[in-house]
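Visitor: Next one to model:
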Amino acid sequence: MGKSGDSRVRGIAARAGGWSARHRWSAVGIWVLFVVLAVGLGSAAGRVDVKDSDQLKGETHTAAKIIEDAGIEEPASETVLVQAKDGGLKATDAEFRQAVEAVMKAVEATGEVSDVTSPYDAQTISKDGRSALVQFDMRGASDTAGERVEPVLEAVEGVQKEHGSLRIEEIGGASMMKTFDDAFGDDFQKAEYSAVPVALGILLIAFGAVVAALLPVLLAVSAIMATMGLMGLVSHVMPMSDTANSVMLLVGLAVGVDYCLFYLRREREERAAGRDAQTALRIAAATSGRAIVVSGVTVCVAMAGMLFTGLAEFEAMGLASLMVVAVAMVGSVTVLPALLSLLGGRVEKGKIPYLHPESKLRRKRGRGTGESRFWTAVLKGVLARPVISVVVAAGALLAIAAPALGMKTQQLTLDQEFGDSLPIVQTYNRLNEAFPGGSEPAEVVVKAKDINAPEVKSALADFRERAVSSGASQGPVEIKLHDQQNVAFVYVPLVGGSDLDKAGASLDKLRDEVRPATLGKVAGLDAPITGQVAGSKDFNDQLGGAVVPVFAFVVVFAFVLMLLSFRSLTIAITSIVLNLLSVGAAYGILVGVFQHGWGASLVGAEGVGAIVTWLPLFLFVILFGLSMDYHVFVVSRIREARLRGRTTKDAITHGVVTTAGVVTSAAVIMVAVFAIFGTLTMQSMKQMGVGLAAAVLIDATIIRGVLLPAVMALLGEGNWYLPKWLHRLPDLTHDESPEAVAVAPAARDDEGEPVRV
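Guide: Numbering: from 1, shown residues only. Here you go, the predicted model:
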């Protein structure tokens, strides 16, 4: 704690704020230059994205590597399902045969396809004889096939019109790509674009002035732009992805706006209390600025947890989020004080009647004081009966968290992800019924010294026969040879189809029984098994192994940071416990809504019976980081009041009530932005949006408004307990109580010049 007469403010944030306020134009210029340089260099360097072969470890990775090394471009394969509508026709009937011929001719005539295979040659006829599959590949690169599939879909539709007694429908990688792009391509972008206006609208209500509301949004957007540029540069060392970009945008907007909000609200509050602009800014830098640095570092540590997963997509998300938080944090404690110093009283320009704190109507109602009447009333009750408050609030959160114990995670199948809203989903279900596993077969990538050697051919034939006789597949098992590269692809439809648990059991049978008995006997032959089901299983296995190290890393580091920042063992322990409670409650809500379907229709969801694999770990990391934001901010204010000589109970009331407005505003922005993602059509995005919004809401209300004050009231002086043996720890507190800052003589810069704020 700095002495009153000490003209030097010790904290990093306070020093940075002081320098920026003294060198206003330099600070703004450096920030603008940094953003422009980052964007320019990032655009010039381009972004390197995560390759398929690097997405996962294990067999999926080995298979992708063999394909990549062989230089084989796997085309997007398409299937046309020809099926009797009323059960009258059979595949052997003349009309059925004519329809199959017509489909083959029509798709070939488009010039967009190759390798058109007749079901009568490939034996792709269902057991009941009512369904047949015409299979072909799209010409050109598989990742752009969706753009070229339109004429093929139209050709198939044309054949359908001529054969009313049959159902003729196309499905495959390209047609799915096109359908999703048409239906949801703009879905995600709309959500990203609407997030900024929503945040701005809430800030206008919070500040009641246009300029004050624009500042946080401008800072958040500039931090996001700079990070996009940095992602381009960093991607040459660690590949990035579109998902990482979207997550970065979400996190950047949330923390960027939050940090500015904290700083701006404090500066405003000090001015309202009668301080001059110079002192108000110095106090905001020393108090809110410090809370932003502690919070930012904690969030960065939480995001760094994703780097321990070993999953390329997660590592990209973690690094992108970490960078945007660091950039937003630096911007908040450097360029924001400079802008506030430049603007002075003009920060209140564009006052909105009634919403502005100085509005007569608002003052009359007692809302211009910066203290929340609602939270004052709630706190009165909480602090009067802290034991009951803890029991009720903790009990409620544990009850909400209870369903999480039965959480089931999996990669969502097509029908789970999109429901029955699209015709292609119905085609997918019909295909799976007639040919179990046919829509997403397992793919065995066989690499041999000579793919045409007699023992290899014999092993492939044995594998094909065993795959069906073992019960893992009902066939037909298709083999594609690439003689020049000595690689063969074996496609095995798995029994279980779109039921991933059953399909997973079939996959295990292939990997553990069929392969060792056939292909495994040929020396020097590699045969990793990949595909949708294998990818999902390998991803689950790898993620399962990463959960403990990630959780441990985040919790331990956050604990150490809180211990060093507040020099209190009690605060470090309670903050971790409260954070874990809010994450647990978010898990419980997710499981209740999406797994059990309780109230699913309220969020336009369906009880899909599972939580998407990546979400629990992703949510834990993001939520742990974001809820630390509020925690640090509120506890800093309580500690500051305590250092000024208030009793612990008074300090709690003061800290929670004065921060209630800003925490509520910040939480409302986050909940609104996350809720936008809850409106998207894809169930996985819905789950992410609802999970994040619910957790932030719980965090800002039950945790910060009830549990935290009640627990601190019960602990009393014990809140500030630090065992003697921990006194040797580095002191990162750097507190500056407003009094110390306010009465400090005008600080001078390094050259002895008086400081102008």
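
Visitor: Ala14 versus Arg646, what's the distance?
Guide: 22 Å (CB to CB, to the nearest Å). In short, each C-beta sits where N, CA and C put it, glycine included.

Visitor: okay, the two: which has more neighbours?
Guide: Ala14 (28 against 16; other CB atoms under 10 Å).

Visitor: ok, Gly305 - contacts?
Guide: Residues in contact with Gly305 (CB atoms under 8 Å, 6 or more residues apart in numbering) are 318, 550-551, 553-554, 621, 624.

Visitor: Now do the buried residues in stretch 207-222.
Guide: 207-210, 212-222 (16 or more other CB atoms under 10 Å).

Visitor: Select from those every entry located in helices.
Guide: Under the assignment DSSP state H, the buried residues of stretch 207-222 contribute 207, 210, 212-222 to helices.

Visitor: quick revisit: biggest separation within the buried residues of stretch 207-222, which pair?
Guide: Pairwise distances across the buried residues of stretch 207-222 (CB to CB) peak at 23.6 Å, for the pair Gly208 and Ser222.

Visitor: And for the spatially most central residue of the chain, nearest residue in space, chain neighbours not counted?
Guide: Central residue check for the chain by CA atoms, centre = their mean: the C-alpha nearest the mean position is that of Val247, 4.9 Å away. Here the nearest residue to Val247 in space, its sequence neighbours aside, is Met317; by CB to CB, 6 or more residues apart in numbering that works out to 4.8 Å.

Visitor: Which residues are in contact with Glu513?
Guide: Applying CB under 8 Å, 6+ apart, the residues near Glu513 are 470, 472.

Visitor: Then it would be within a strand, right?
Guide: No. Looking at Glu513 with DSSP: H, G, I helix; E, B strand; the rest coil, it is helix, so not inside a strand.

Visitor: ok, it to Asp538 distance?
Guide: 18 Å.

Visitor: same deal with Glu162?
Guide: Glu162 is 44 Å from Asp538, by CB to CB.

Visitor: Looking at the two now, which is surrounded by more residues?
Guide: Legend: neighbour count by other CB under 10 Å for Glu162 and Asp538, higher for Asp538 (20 against 12).

Visitor: ok, now which ones touch the more buried one?
Guide: 56-60.

Visitor: Which of those residues sits closest to Asp483?
Guide: For the contacts of Asp538, the nearest to Asp483 is Glu59 (23.9 Å; CB to CB).

Visitor: Quick check: closest non-adjacent residue to the closest one.
Guide: Pro528 (4.0 Å).

Visitor: Tell me where the model's unsure across the stretch 451-600 of the chain.
Guide: By pLDDT under 70, the low-scoring segments of the stretch 451-600 of the chain are 497-498.

Visitor: any chance you could map the strands in the stretch 501-650 of the chain?
Guide: 529-530, 611-612 (DSSP state E, counting those that start in this stretch).

Visitor: what's the offset of the last one from the middle of its chain?
Guide: Shown here is strand 611-612, whose average C-alpha point lies 13 Å from the average C-alpha point of the whole chain (CA atoms, centre = their mean, to the nearest Å).

Visitor: What part of the protein, helix or strand, is modelled with the least confidence?
Guide: helix 360-364 (a mean of 45; mean pLDDT, DSSP states H and E).

Visitor: Give me the phi and psi for the residue of the chain most remote from its centre.
Guide: Among residues of the chain, the one most distant from the C-alpha centroid is Ala94; the distance is 53.4 Å, by CA atoms, centre = their mean. For Ala94, the backbone dihedrals (degrees, to the nearest 10) come out as phi -60, psi -40.

Visitor: ditto for the one 5 residues further on
Guide: According to degrees, to the nearest 10, the main-chain angles of Ala99 amount to phi -60, psi -40.

Visitor: where's it relative to Gly438, distance?
Guide: 19 Å.

Visitor: What of Val468?
Guide: For Val468, the distance to Gly438 - CB to CB - is 13 Å.

Visitor: In terms of neighbours, single out the busier of these two.
Guide: Gly438 (27 against 17).

Visitor: What residues sit buried inside stretch 309-327?
Guide: 309, 311-327.
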